[in-house]
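S.K.: my questions concern the predicted model and sequence given below.
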Amino acid sequence: MIVGSIAGIGAGLAAIGAGIGIGSIGGKALEGMARQPEAASQIQTTMLIAAAFVEAVALFAEVIAFLGTGQVN
Amino acid sequence: MDLSHIFNSKKILRVSFYAVLFSLLSFSANSQEHATADTAHEPATAEHGEVAEKDEDISKVILHHIADSHEWHFFGNISIPLPVILLTDKGLVTFLSNKFGHNDHGTEIIDVAGTQLVNYHGKFYYPSKVKSADGTYISYDAKGELLNGKPLDVSMTKNVVSLLISAIVLLIVFIGIANSYKKREGKAPKGLQSILEPVILFVRDDIAKPQLGHKYKGFMPYLLTIFFFVWLNNLMGLVPFFPGGANLSGNIAVTMMLALCTFVLTTVNGNKNYWGHVFTPHVPWWLYPLIIPVEIIGLFTKPIALMIRLFANITAGHILVLSLISLIFILKSVFVAGVAIPFVLFISVIELVVGFIQAFIFTILSALFISMAIEEKYAEH
């Protein structure tokens, strides 16, 4: 039997959102780098910062899911 | 970062193929041994009961592994005891964590110099007066909340010792490097210096300079410290045996202190322009009651996001690795190991990269927040 909580579903939904976000960031960064290879390092840095902001949202959801399952005090 | 030559080599493919093969072979051999032992000795029912109990405990085991503890566990029954320091209501109490055995089910009262304590799941509580129905000196109220009081725990736990180890390592390495820069000024770097010089230059040229401009010099010591501290601890957390394995950067108290350092640095260095953005933003005056609280909350959300980001990333990585290993026990088949173990290896390699990226992100965001605080007013928008 698989036991879980509804908070897990919430974390999964947040992961979908973050996945779309990071995907589009990565895709656009790749486009930019292909168009202007000389700016690749700058684009990479900015991409990582933006990805970190998006990822943070998914991680907030994950932390809340943990709190929701009552396993982190 | 050109990593293509690593992924191109055919060697990797061959090695990973053998890794999968050997793990399958060794585990299948192991399972046969286990099966024969099973039929020979134990009655099947007892074994099944135990397995079912283990199944429910897996999430507890995982959380136990990423949590702090009063001893440094090696394998089996071998562990280093660490000092326990408690501020009880009768004064300071200190003892080594193995002095009273390893009973952490709360069934045994330990008496330390007149103070009665009970060890329940690795934490020390004052025992309740009567034994509860399940044989413990721990009592719960109707809502399932613990009723027992708790002394203030300021022990040297695993995380504290790990923090001290990494601080000592960083001090030895970087004082050595600083001295060799002084001694060999203008000459080519040597030894450790030449390994770490590219990383230090990376922090300077890719993190500090683009964000902070010409003022970068004053903040370089802080940025370098935080970068190497986070990176070293992320990597030490991935090492499963002694000097590592403490999951320090996956502890929210540690990341909170790191984020607090950045917060203090931003607040102290904030100039007129920065505070002007907070208290007199460029909006019509009747929007002030709305915007000023938002800006003030914004001051605090930045370090809080920094704290949660590092904590959650590292914790998620550890949970992922442990859950993949636990799959073997959840599905109760050793053949799962053939899939799970190579996958664990794969995730571990990703975690190596994540450890670096998170150190980089923490440092670059710290630099970004500091640069927001110190940037000059250049144009009216």
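M.R.: Nice, thanks for sending it over.
S.K.: which strands or helices does the host helix or strand of residue B:227 pack on?
M.R.: Using DSSP states H and E, residue B:227 sits in helix B:216-238. Contacts defined by 3 or more CB pairs under 8 Å, 6 or more residues apart in numbering or on different chains; DSSP states H and E place helix B:216-238 against helix B:158-183, helix B:252-269, helix B:288-330, helix B:336-374. C-beta coordinates here come from the backbone N, C-alpha and C atoms, glycine included.
S.K.: chain A contacts on the stretch 51-200 of chain B?
M.R.: Residues of the stretch 51-200 of chain B found near chain A (CB under 8 Å from any CB of the partner chain) are B:59, B:60, B:63.
S.K.: for the most centrally placed residue in chain A, what are its contacts?
M.R.: With distances taken as CA atoms, centre = their mean, the residue of chain A nearest its centroid is residue A:55 (2.9 Å). Going by CB atoms under 8 Å, 6 or more residues apart in numbering or on different chains, residue A:55 touches A:18, A:22, B:309, B:313.
S.K.: top of those by neighbour count?
M.R.: residue B:313 (26 neighbours; other CB atoms under 10 Å in any protein chain shown).
S.K.: which non-adjacent residue is nearest that residue?
M.R.: residue B:358 (5.2 Å; CB to CB, 6 or more residues apart in numbering or on different chains).
S.K.: how many neighbours does that neighbour have?
M.R.: As a burial measure, residue B:358 scores 22 neighbours (other CB under 10 Å).
S.K.: do the same with residue B:190
M.R.: Neighbours of residue B:190 under the rule other CB under 10 Å: 10.
S.K.: now mean pLDDT and distance to residue A:34 too, for the helices and strands packed on helix B:216-238, in TSV please.
M.R.: Formatted as TSV, the helices and strands packed on helix B:216-238 follow (pLDDT from 0 to 100; distance: least, CB to CB, whole Å):
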stretch	mean pLDDT	distance to residue A:34
helix B:158-183	92	39
helix B:252-269	93	35
helix B:288-330	89	29
helix B:336-374	91	22
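S.K.: so residue B:73 sits in a strand?
M.R.: Yes. Counting by DSSP: H, G, I helix; E, B strand; the rest coil, residue B:73 is located in a strand.
S.K.: show me what contacts residue B:274?
M.R.: Residue B:274 neighbours (CB under 8 Å, 6+ apart): B:372, B:373, B:374, B:375.
S.K.: residue B:195 - how many residues pack around it?
M.R.: With other CB under 10 Å as criterion, residue B:195 counts 11.
S.K.: my guess is it is in a helix, correct?
M.R.: Yes. Assessed with three-state DSSP, residue B:195 lies in a helix.
S.K.: residue B:295 reaches residue B:276, doesn't it?
M.R.: No. Using CB atoms under 8 Å, residue B:295 is not in contact with residue B:276; the gap is 10.5 Å.
S.K.: coming back round to it: now distance to residue B:232 too, for the helices and strands packed on helix B:216-238, in JSON lines please.
M.R.: Rendered in JSON lines, the data for the helices and strands packed on helix B:216-238 read as follows (distance: least, CB to CB, whole Å):
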{"stretch": "helix B:158-183", "distance to residue B:232": "5"}
{"stretch": "helix B:252-269", "distance to residue B:232": "12"}
{"stretch": "helix B:288-330", "distance to residue B:232": "13"}
{"stretch": "helix B:336-374", "distance to residue B:232": "9"}
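S.K.: what kind of secondary structure is residue B:117 in?
M.R.: Residue B:117 - assigned by three-state DSSP - is strand.
S.K.: is it true that it touches residue B:109?
M.R.: Yes. The criterion here is CB under 8 Å, and residue B:117 meets it with residue B:109 at 7.3 Å.
S.K.: what sits in contact with each of those two?
M.R.: residue B:127.
S.K.: more neighbours, the two?
M.R.: Neighbours per residue (other CB under 10 Å) separate residue B:117 from residue B:109, with residue B:117 holding more: 23 against 14.
S.K.: so what's that one bridging to?
M.R.: For residue B:117, the beta-bridge partners under DSSP bridges are residue B:110.
S.K.: can you tell me the helix or strand for the residue in chain A that chain B sits nearest to?
M.R.: Per CB to the nearest CB, residue A:59 is where chain A lies closest to chain B, at 3.6 Å. Using DSSP H and E, residue A:59 sits within helix A:40-69.
S.K.: give me the distance from that helix to the chain's centre.
M.R.: 5 Å (CA atoms, centre = their mean, to the nearest Å).
S.K.: mind listing what's buried along it?
M.R.: By neighbour count on 16 or more other CB atoms under 10 Å in any protein chain shown, the buried set for helix A:40-69 is A:43, A:45-52, A:54-56, A:58-63, A:65-66, A:68-69.
S.K.: just the angle for it relative to helix B:252-269, thanks.
M.R.: 130 degrees (axes from the mean of the first three to the mean of the last three CA atoms, to 10 degrees).
S.K.: can you give me the angle helix A:40-69 makes with helix B:288-330?
M.R.: Using the same axes, to 10 degrees: helix A:40-69 against helix B:288-330 is 80 degrees.
S.K.: residue contacts, whichever residue of the stretch 201-350 of chain B sits closest to chain A?
M.R.: Residue nearest to chain A within the stretch 201-350 of chain B: residue B:312 (3.6 Å; CB to the nearest CB). The contact partners of residue B:312, taken as CB under 8 Å, 6+ apart, are A:59, A:60, A:62, A:63.
S.K.: in JSON lines, list those residues along with pLDDT and distance to residue B:147.
M.R.: Putting the contacts of residue B:312 into JSON lines (pLDDT from 0 to 100; distance: CB to CB, whole Å) gives the following:
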{"residue": "A:59", "pLDDT": "79", "distance to residue B:147": "34"}
{"residue": "A:60", "pLDDT": "79", "distance to residue B:147": "32"}
{"residue": "A:62", "pLDDT": "78", "distance to residue B:147": "31"}
{"residue": "A:63", "pLDDT": "76", "distance to residue B:147": "27"}
